[in-house]
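Colleague: here are the coordinates; sequence isn't available:
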C-alpha cells in the first residue's frame, strides 16, 4: 500500500527542480497573467535656454562691421563699443580678435558678451537691470619652466630659432634680445664672438595659457659656449626683491654704470680741461659730456643710487645728483623736469627714468649735461665703462650656490649632460674654490 507521505514529497521535489532549472538557465519565472507591463516615459527634448554666437575679426574689418555681421542688436553693439572705448581704442583691435555672446533663446536678449582682445587679455561685458558694464581681465595662466637648447651654425638668432623647445618665433627672438642686450651685454659681442658648433642651454619661466599657447618669462639660467669659452649666468633674487644676473662664482654680470644716461642725437661737447663757453664767452673746464637730444627725452640713472640733490643749481639749471656708493657720484643738468618721486633721499635703480632733457640754466639748446665724479673729483665718464657691480657675499653667496646647483640639475635632466669647454675650471667656479 502506498505511503500517504510519498505524493507530497514527489510534488515538492518537482517544484524545487523547476525552480533550479529556471535559475540555471538565467530566466526568471514567467510573470503572472494579472501583472501589467511597466509604462515607458516619452523622450523629452529640452529647448536650449540660450544660443552661443562667435565671430572673428577679419582683415580690414571694423568692430562695428563684425558686430553687424554677427547679428548683434544695434543698441547692444553700440553699448559694447562705448564700454570697450573706456579701456581700449576699438580701432586698435587686430585681425583674429574674437567676440562671443549668448542670446536668450526665448527673448533674443543678449546679457553677456566676451571679447578676446589679444593673447593675454579679454573684455567682458554684462547687462544688469538694463545697464551694461564692462571690464578688462587678464587671461589666467599657470607658470612652469622649460629649456631651450641647441647649437650655433650661423648666428645667435638662428640658433635660438632652431633650438629645441615649443616657443613661438617671437618669444625666441625676445630671449635672444635679453641674452644679448641684458645678460651678456658687457661680456659677449654675439655678432662677432660666436663660432659654428658653440652650444647653449637656457632655463626659463613660462606662462602657459588655457589654450595651450605659452609666453616666455624670466630667464633663470644660461650656459653658453662662446668661441670655445664658457659663459654662464644665473638669476638671483635679493632680499629687497630686486633681481640681477651673476656668474657661477657670484660675480656680477652687470656693469655698475650704463654707457650713456640718454638716447642722444650727437655729443655736442666732450669732457675737457678747457673749452670756450658759448654763453660766458670765455675758456673754462668742461667737467662732463653734453648729449644733444630732443626736449623731453627721458634721462636714466646710470647706476643704482640714492638721490643726493634734485633742484635748481645756477648754471646747471634743474640738476639731479646721485650717490652710487664706493665714492662714485653722477650729475644730470639742464633738465626740463624731474620724474615723479625723484627727491633727496629717494632710491633709484640703474635704468630708472629720473628726469627729462631740457635747456634750463646756461644752455643754448636742449641737451643733457652729464658728469661723473670719483671721490669728489670730476672724471671723464668714458673712463669708468669697465667697472662692474658688487659681487655676492656672505649668506647671499651661500644661497646662490645652492640655487645654481638646483638649476644646473634641472638643465641636466631636461637637456642632457652638458660638457662645458673647461669642465674642471667651471666646477671650481661653481664651488668658489
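Modeller: Looks like it came in fine. All figures in this text were calculated on a predicted structure; none of them were measured in a lab.

Colleague: what ranges of the stretch 51-200 of the chain fall below the confidence cut-off?
Modeller: Counting by pLDDT under 70, the ranges of the stretch 51-200 of the chain that qualify are 108, 164-167.

Colleague: ranges for the helices of it?
Modeller: 63-69, 74-85, 156-162, 169-178 (DSSP state H, counting those that start in this stretch).

Colleague: what about residue 159, neighbour count?
Modeller: By the criterion of other C-beta atoms under 10 Å, residue 159 has 24 neighbours. From N, CA and C alone the C-beta is placed, and that goes for glycine too.

Colleague: likewise for the one 4 residues further on?
Modeller: Neighbouring residues of residue 163 were enumerated by other C-beta under 10 Å; the total is 21.

Colleague: without its sequence neighbours, what residue ends up closest to it?
Modeller: residue 150 (2.9 Å; C-beta to C-beta, 6 or more residues apart in numbering).

Colleague: tell me the contacts of residue 86?
Modeller: residue 134 (C-beta atoms under 8 Å, 6 or more residues apart in numbering).

Colleague: just confirm residue 206 is within a helix.
Modeller: No: with DSSP: H, G, I helix; E, B strand; the rest coil as the criterion, residue 206 is strand rather than part of a helix.

Colleague: can you pull the domain assignment for the chain?
Modeller: 50-138, 140-254+388-433, 266-384 (automatic domain parsing).

Colleague: find the centremost residue of the chain, please.
Modeller: residue 217 (4.2 Å; C-alpha atoms, centre = their mean).

Colleague: what's the first-to-last distance across stretch 358-375?
Modeller: Distance between the two ends of stretch 358-375: 28 Å, counting by C-alpha to C-alpha, to the nearest Å.

Colleague: how far out from the middle of the chain is that stretch?
Modeller: How far stretch 358-375 lies from its chain's middle: 36 Å, per C-alpha atoms, centre = their mean, to the nearest Å.

Colleague: figure out the helix or strand that the residue nearest to the centre of the chain lives in.
Modeller: Following DSSP states H and E, one finds residue 217 within strand 214-226.

Colleague: which other helices and strands does the following helix or strand past that strand contact?
Modeller: Per DSSP H and E, strand 214-226 leads on to strand 229-237 as the next helix or strand towards the C-terminus. Contacting strand 229-237 under the criterion 3 or more C-beta pairs under 8 Å, 6 or more residues apart in numbering; DSSP states H and E are the following elements: strand 214-226, strand 243-246, helix 394-415, helix 423-431.

Colleague: can you list the ones you listed in JSON lines and add distance to residue 202?
Modeller: Formatted as JSON lines, these follow (distance: least, C-beta to C-beta, whole Å):
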{"stretch": "strand 214-226", "distance to residue 202": "5"}
{"stretch": "strand 243-246", "distance to residue 202": "12"}
{"stretch": "helix 394-415", "distance to residue 202": "9"}
{"stretch": "helix 423-431", "distance to residue 202": "17"}
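
Colleague: can you list the ones you listed in a markdown table and add mean pLDDT?
Modeller: As requested, those are exported to a markdown table (pLDDT from 0 to 100):
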| stretch | mean pLDDT |
| --- | --- |
| strand 214-226 | 87 |
| strand 243-246 | 93 |
| helix 394-415 | 92 |
| helix 423-431 | 41 |
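
Colleague: and among those, the most buried is which?
Modeller: strand 214-226 (a mean of 21; mean count of other C-beta atoms under 10 Å).

Colleague: closest one to residue 357 among the helices and strands packed on strand 229-237?
Modeller: Minimum separation from residue 357 across the helices and strands packed on strand 229-237 (C-beta to C-beta) falls at strand 243-246, 28.1 Å.

Colleague: need the contact partners of the closest one.
Modeller: Strand 243-246 is touched from outside by 182-183, 218, 233-238, 252-254, 389, 391-392, 400, with contacts defined as C-beta under 8 Å, 6+ apart.

Colleague: out of those, who has the most neighbours?
Modeller: For the contacts of strand 243-246, the largest number of neighbours (other C-beta under 10 Å) sits with residue 234, at 25 neighbours.

Colleague: now do the contacts for that residue.
Modeller: 220, 221, 222, 245, 246, 247, 248, 400, 403, 404, 407.

Colleague: run the last query once more with 10 Å
Modeller: 183, 203, 219-223, 244-248, 250, 253, 400, 403-404, 406-408, 430 (C-beta atoms under 10 Å, 6 or more residues apart in numbering).

Colleague: go through the contacts of strand 243-246 and name the one nearest residue 323.
Modeller: Nearest member of those to residue 323, counting by C-beta to C-beta, is residue 389, at 15.4 Å.

Colleague: contacts only, for that closest one.
Modeller: Counted by C-beta under 10 Å, 6+ apart, residue 389 has contacts 244, 246, 251, 252, 253, 254, 255, 256, 257, 303, 304, 350.

Colleague: what bridges to the closest residue to it other than its chain neighbours?
Modeller: Spatial nearest neighbour of residue 389, chain neighbours left out: residue 252 (3.9 Å); criterion: C-beta to C-beta, 6+ apart. Beta-bridge pairing of residue 252 under DSSP bridges involves residue 246.

Colleague: got the contact list for residue 252?
Modeller: Contacts of residue 252 (C-beta under 10 Å, 6+ apart): 186, 236, 244, 245, 246, 388, 389, 390, 391, 392.

Colleague: quick one: the fifth one from residue 81, how far?
Modeller: With the distance defined as C-beta to C-beta, to the nearest Å, residue 246 ends up 50 Å from residue 81.

Colleague: so which helix or strand takes in residue 259?
Modeller: Going by DSSP H and E, residue 259 is not part of any helix or strand.

Colleague: and residue 378, by the same measure?
Modeller: Residue 378 belongs to strand 377-379, assigned by DSSP H and E.

Colleague: partner strands of that strand, with direction?
Modeller: Paired strands of strand 377-379, defined by DSSP bridges, are strand 367-374 (antiparallel).

Colleague: in the strand it pairs with, which residues are buried?
Modeller: Neighbour counts over strand 367-374 (16 or more other C-beta atoms under 10 Å) mark 367, 368, 369, 370, 371, 372, 373 as buried.

Colleague: tell me the contacts of the nearest residue to the third one once chain neighbours are set aside?
Modeller: The one in question is residue 369. Residue nearest to residue 369 in three dimensions, not counting chain neighbours: residue 333, with 3.8 Å by C-beta to C-beta, 6+ apart. Going by C-beta under 10 Å, 6+ apart, residue 333 touches 288, 290, 299, 313-321, 355, 358, 360-363, 367-371.

Colleague: good, wrapping up.
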